[in-house]
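Participant: A structural model of the following input is requested.
(2 chains)
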2 protein chains.
Amino acid sequence: MRLVIIGGVAAGMSAAARARRLDKALEVVVLERGPAVSYGACGLPYYLSGRVKSLDELVVYTPEYFRRERNITVRTGAEVAAISHPQRQVALAGGERLHYDRLVIATGARPDRRAIEGAGLPHVFALHTLEDGRRLREFLDRQRPRRAAVIGAGYIGLEIADALRSSGLEVTVFESEPDVLGRQDRELTKSVQARLAAHRIELRLESRVGAIEPGRVAGVACDLVVLAAGVRPNVELAAEARVDLGRTGAIRVSERMETNLTGVYAAGDCVETVHLVTGGPIYLPLGTTANKMGRVAGANAAGARERFAGVVGTFIVQVCGLGLGMTGLSAVQARKEGFDPVSARIEARDRPRYFDGRPTTVELVADRRTRRLLGGAVIGEDGVAGRLNVIAAALGARIGVDQFEQLDLAYAPPFAPVWDPLLVAAQQLAKLLD
Amino acid sequence: MRLVIIGGVAAGMSAAARARRLDKALEVVVLERGPAVSYGACGLPYYLSGRVKSLDELVVYTPEYFRRERNITVRTGAEVAAISHPQRQVALAGGERLHYDRLVIATGARPDRRAIEGAGLPHVFALHTLEDGRRLREFLDRQRPRRAAVIGAGYIGLEIADALRSSGLEVTVFESEPDVLGRQDRELTKSVQARLAAHRIELRLESRVGAIEPGRVAGVACDLVVLAAGVRPNVELAAEARVDLGRTGAIRVSERMETNLTGVYAAGDCVETVHLVTGGPIYLPLGTTANKMGRVAGANAAGARERFAGVVGTFIVQVCGLGLGMTGLSAVQARKEGFDPVSARIEARDRPRYFDGRPTTVELVADRRTRRLLGGAVIGEDGVAGRLNVIAAALGARIGVDQFEQLDLAYAPPFAPVWDPLLVAAQQLAKLLD
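Facilitator: The predicted model follows:
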């Protein structure tokens, strides 16, 4: 019995490791077209800024480790050219064919370079793979660029802008939408813009970049361009094998991470999942989700029965020392999804005044009729992830604002004020709902 | 219509402020026997250590503020001698009588000095009120004691030990139970003991102190003793007025914070509440809970209909730089409550290795049959409150380990590893339950 996994980064290696743990007799083969597996691409901006000294630090496990310690066959430089499900075979680019009993497709995503002319120029980079990181860092070291344009103000674009600025470059960020982080939240956008401005990073909103010239982007002089305008799922291989795609354009899977083809699973940045607040499909490629999905796909491919319920859309980013976290829906998003949203936004100290409490912002969104929480955001310098995760847990458990308001949260002066900012926001929201 | 509130610290002032907000016409009178209201007693250990420079910093609002800004009459130095409910009157120690239409009893608690001989000696202190803090600090400054005995290894005892040690004293902590923090958790106790030892604080467990001698406690020389062996609810006034007590010995209240006497509410450290995991009564005097209860009591006293559901027993303390948080039940406690507990304890990095991740410990406890989460603990140097609060939210929402395992928690290298320690613990626990 052989399990073949296409792709060896987050979802692929999670699937491999889990399948191996559950079935010691299964043959597990991972085919990765790149030179490395199991690396943390999320650390790449910190390699640019110099916080991470070597790309090796981002590699969690080597192929040798998986072979030796886990009895998992990892083949790097192994590009799959086609999947033939009737024959249960994958064809490698070199012509070799490999039989599978179960297949996990974890082909990931790639930077979206569509509709940008000049994206192939030598001073234009993306930051998606270790190799991208190596190339960009070399360019920085050798060419010493002075002005950078970052295209896209999603979390990766903002992290890259921060990293380049802290390396001394002048940075302009171009975003085609009127808001950052894909959130449709004006207040959040203002917070980011102010923070960037304080670090002399210019943010140009509603500024679609159609073409990159050798020394110029949209009229701004620059000698380095980094593309961070989102990613597209790598679905071509799957689609050619008649794996169904969903309406987001990514692979559609069941709760068990199985595609429409029996025994063929898919996980990670190439699939769509369920948004637990809206109940609808969402394409939200993130490392955490990829790992969770991979784990479930691997378990089921090894004969277990597990499910991945979906996400609430939690994500967090640090921009110039400011933590920005969001989960669920913003008020604008909630209205588009058919809810009648009410939101409260408060600023409060994250610890008592006498314990150097700093301001933190919490926004909570609830549905007027059901009083169910729909989303939230936390902005601050400390404790952002923890507070955000409480909202994420509340969304996952589908609780209402009245229950949230009475959560028994921890209090001691070194950690929080007696009324945690989360509870202050919930009180405010409950008042607006009454 | 007059609302009288007995006690003006956490619960009392929360009740007053909330009642005022909901009913502008209500006369609100707070009777506080001490000289100050609305102060953060939880900051007292940090006044001892010098982090808080002045006791004034611990006072959130003055009586004048409440009078001027909130139209709340605050009388300090006003000791209530009796409540006469048939007449709806309180009698002050000086003989004055005051009519009430609604009453909130927020008489708090006092240090438990029972069964300790010599507790009245001049070098013996408690740390419960601002005045206690002032006296102890004066003693430290004038007498320059060198060796301190702290009686009780609850969170206050440990905070005091830490504060005294950081002021240069030699400190021994005596605890009558075999465990610290009232938790019946050997691993937690070991962590605390190791941390204390590293800071040269001696912890003597199973060491009941029956008597304090002038220069000696249980054979250990000392020139300062601080009592921190728990508190007792101040219920005498209520009991004499025929307010029912619960089986914990504290005042019994309904979900609306009303006592058995109509129109008489009680809140804060003098009442018992419901433990949402066991469903039974619990006496757990904490500032957060007092404030929440006071808010609900004040709302209902002002004619609203609100409820306080209960607590899950969350608390957190910092000891010598180590954060220790716990919520719900430990495995030993769960077994005593009739559950069939299974627990998993893991150590993991709180951020990626390449982002200076430090070890953090997470324990989760679930019921074998229902797989419902029953409790958890988090120990570490960073992110402890946030992770603990996620467990507290999960307990509040009564979710099971399988749902917890898939919580969509935030990930970015400055905040957390891709598999948050909470999820690692949940995976481990789910495996043990299978």
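Participant: what domains does the record give for chain A?
Facilitator: Annotated domains of chain A cover A:2-34+A:77-109+A:231-301, A:124-227, A:321-433 [automatic domain parsing].
Participant: quick one: closest of the ones you listed to chain B.
Facilitator: Closest to chain B of the domains of chain A is domain A:321-433 (C-beta to the nearest C-beta; 1.4 Å). Every residue, glycine included, has its C-beta placed from N, CA and C.
Participant: dump the domains of chain A into JSON lines; add mean pLDDT and mean neighbour count as well.
Facilitator: JSON lines is the format used below for those (pLDDT from 0 to 100; neighbours: other C-beta atoms under 10 Å in any protein chain shown):
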{"stretch": "domain A:2-34+A:77-109+A:231-301", "mean pLDDT": "97", "mean neighbour count": "21"}
{"stretch": "domain A:124-227", "mean pLDDT": "95", "mean neighbour count": "19"}
{"stretch": "domain A:321-433", "mean pLDDT": "97", "mean neighbour count": "22"}
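Participant: columns distance to residue B:340 on top of those, output as TSV?
Facilitator: As requested, the domains of chain A are exported to TSV (distance: least, C-beta to C-beta, whole Å):
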stretch	distance to residue B:340
domain A:2-34+A:77-109+A:231-301	25
domain A:124-227	43
domain A:321-433	23
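Participant: I'd like those domains as CSV, with distance to chain B appended.
Facilitator: Listed next are these as CSV, based on distance: least, C-beta to the nearest C-beta, whole Å:
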stretch, distance to chain B
domain A:2-34+A:77-109+A:231-301, 4
domain A:124-227, 7
domain A:321-433, 1
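Participant: spatially nearest residue to the most centrally placed residue in chain A (excluding sequence neighbours)?
Facilitator: Nearest to the mean C-alpha position of chain A, counting by C-alpha atoms, centre = their mean, stands residue A:286 at 2.6 Å. Spatially, and ignoring its direct neighbours in sequence, residue A:286 is nearest to residue A:315 (6.2 Å; C-beta to C-beta, 6 or more residues apart in numbering or on different chains).
Participant: check residue A:59 and give its pLDDT.
Facilitator: Each residue has a pLDDT score; the one for residue A:59 is 88.
Participant: so what's it bridging to?
Facilitator: Beta-bridge pairing of residue A:59 under DSSP bridges involves residue A:39.
Participant: residues in contact with it?
Facilitator: A:36, A:38-40, A:130 (C-beta atoms under 8 Å, 6 or more residues apart in numbering or on different chains).
Participant: what of residue A:410?
Facilitator: A:416, B:314-316, B:325, B:327, B:385, B:388-389, B:392.
Participant: from the residues you listed, pick the one nearest residue B:341.
Facilitator: Nearest to residue B:341 among the contacts of residue A:410, counting by C-beta to C-beta, is residue B:327 at 14.4 Å.
Participant: could you verify that that closest one is part of a strand?
Facilitator: Yes - according to DSSP: H, G, I helix; E, B strand; the rest coil, residue B:327 belongs to a strand.
Participant: for it, give the beta-bridge partners.
Facilitator: residue B:376.
Participant: also residue A:264?
Facilitator: Here residue A:264, judged by DSSP bridges, has bridge partners residue A:103.
Participant: from what I can see it touches residue A:86, true?
Facilitator: No - using C-beta atoms under 8 Å, residue A:264 makes no contact with residue A:86, being 11.7 Å away.
Participant: and the spatially most distant residue from the centre of chain A, how far is that from residue B:45?
Facilitator: Each residue of chain A has a distance to the centre, and by C-alpha atoms, centre = their mean the biggest one is for residue A:354: 37.1 Å. Distance, residue A:354 to residue B:45, by C-beta to C-beta, to the nearest Å: 12 Å.
Participant: and residue A:420, by the same measure?
Facilitator: Distance from residue A:420 to residue B:45, by C-beta to C-beta: 20 Å.
Participant: cool, residue A:67 as well?
Facilitator: 54 Å.
Participant: with neighbour numbers in mind, choose between these two.
Facilitator: Taking other C-beta atoms under 10 Å in any protein chain shown, residue A:67 and residue B:45 do not tie; residue B:45 has more neighbours (29 against 12).
Participant: and the more buried one, helix, strand or coil?
Facilitator: Reduced to three states by three-state DSSP, residue B:45 is helix.
Participant: which residue packs closest to it, ignoring adjacent ones?
Facilitator: Here the residue nearest residue B:45, using C-beta to C-beta, 6+ apart, is residue B:159, at 3.9 Å.
Participant: just say helix, strand or coil for the one you found.
Facilitator: Strictly by three-state DSSP, residue B:159 counts as helix.
Participant: thought it was touching residue B:320?
Facilitator: No - shown here, residue B:159 and residue B:320 do not form a contact pair, counting by C-beta under 8 Å, at 10.2 Å.
Participant: tell me the secondary structure at the nearest residue to residue A:119 once chain neighbours are set aside.
Facilitator: Leaving out its chain neighbours, the residue that sits closest to residue A:119 by C-beta to C-beta, 6+ apart is residue A:113, at 4.3 Å. Recorded secondary structure, residue A:113: coil (three-state DSSP).
Participant: then residue A:305?
Facilitator: coil.
Participant: that one: how many residues sit nearby?
Facilitator: For residue A:305, using other C-beta under 10 Å, the count is 7.
Participant: ok, which stretches of the stretch 101-250 of chain A are strands?
Facilitator: A:102-105, A:109-111, A:124-125, A:147-151, A:170-174, A:201-204, A:212-213, A:216-217, A:220-221, A:224-227, A:231-233 (DSSP state E, counting those that start in this stretch).
Participant: want to throw those into CSV with distance to residue B:152?
Facilitator: Listed next are the strands of the stretch 101-250 of chain A as CSV, based on distance: least, C-beta to C-beta, whole Å:
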stretch, distance to residue B:152
strand A:102-105, 56
strand A:109-111, 56
strand A:124-125, 60
strand A:147-151, 56
strand A:170-174, 55
strand A:201-204, 53
strand A:212-213, 68
strand A:216-217, 66
strand A:220-221, 65
strand A:224-227, 58
strand A:231-233, 56
